[in-house]
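K.L.:
Got a predicted structure here, sequence first:
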Amino acid sequence: MSLIFFVAYRIIISETATEDKTWLGWLLEFLKIMTSLGFSLIFLGAMAICSLSIFLNLNQNIRNNFYYSLLTFVGLSSVFTLYWLIIIIAKNFIHKENPLIIFLIFCVIYVIFSAIEFKIFRKKIRSIN
């Protein structure tokens, strides 16, 4: 799931085009691409860390406790998403050409899908017990 989100994020970034074809426009487009690439690498790293925390459910104490299990699925990703949301709000970056907006949207989508995975996981655990 993390790799699919990363590829989708990169496709959306690559589809954005610039209107200005001057030298300064090309320079700004290059800087925008480098910024987006940096954010996509941060996104990939964060998704990898958040996805690996799911393996903590192999521990029986964590797997049998609803709240600990919930934290392993959505805890880290929720904290990460809230952090970026606070940065966007604090710096007044809410405008059309902000790479953080796309970044935040994908973070929220990742948290939603992790919550769905958690619900499926808990249903399987209940059926086993």
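P.N.:
Cool, the structure landed.

K.L.:
C-alpha only now, for contacts and for neighbours.
P.N.:
Fine.

K.L.:
list the buried ones in stretch 47-56?
P.N.:
By neighbour count with 16 or more other Cα atoms under 10 Å, stretch 47-56 contains the buried residues 47, 50-51, 53-54, 56.

K.L.:
That stretch: end-to-end distance?
P.N.:
One end of stretch 47-56 sits 15 Å from the other (Cα to Cα, to the nearest Å).

K.L.:
Tell me the helix or strand right after the helix or strand hosting residue 76.
P.N.:
If you go by DSSP states H and E, residue 76 is part of helix 76-90. Downstream of helix 76-90, the first helix or strand assigned by DSSP H and E is helix 99-128.

K.L.:
Which residue, other than its chain neighbours, is closest to residue 108?
P.N.:
residue 81 (6.6 Å; Cα to Cα, 6 or more residues apart in numbering).

K.L.:
Go ahead and confirm that neighbour touches residue 105.
P.N.:
No. Applying Cα atoms under 8 Å, one finds residue 81 not in contact with residue 105, separated by 9.1 Å.

K.L.:
More neighbours: those two, which one.
P.N.:
residue 81 (22 against 13; other Cα atoms under 10 Å).

K.L.:
Residue ranges in the protein under the pLDDT threshold?
P.N.:
The model of the chain has pLDDT under 70 over residues 1-3, 5-7, 9-21, 24-25, 28, 91-99.
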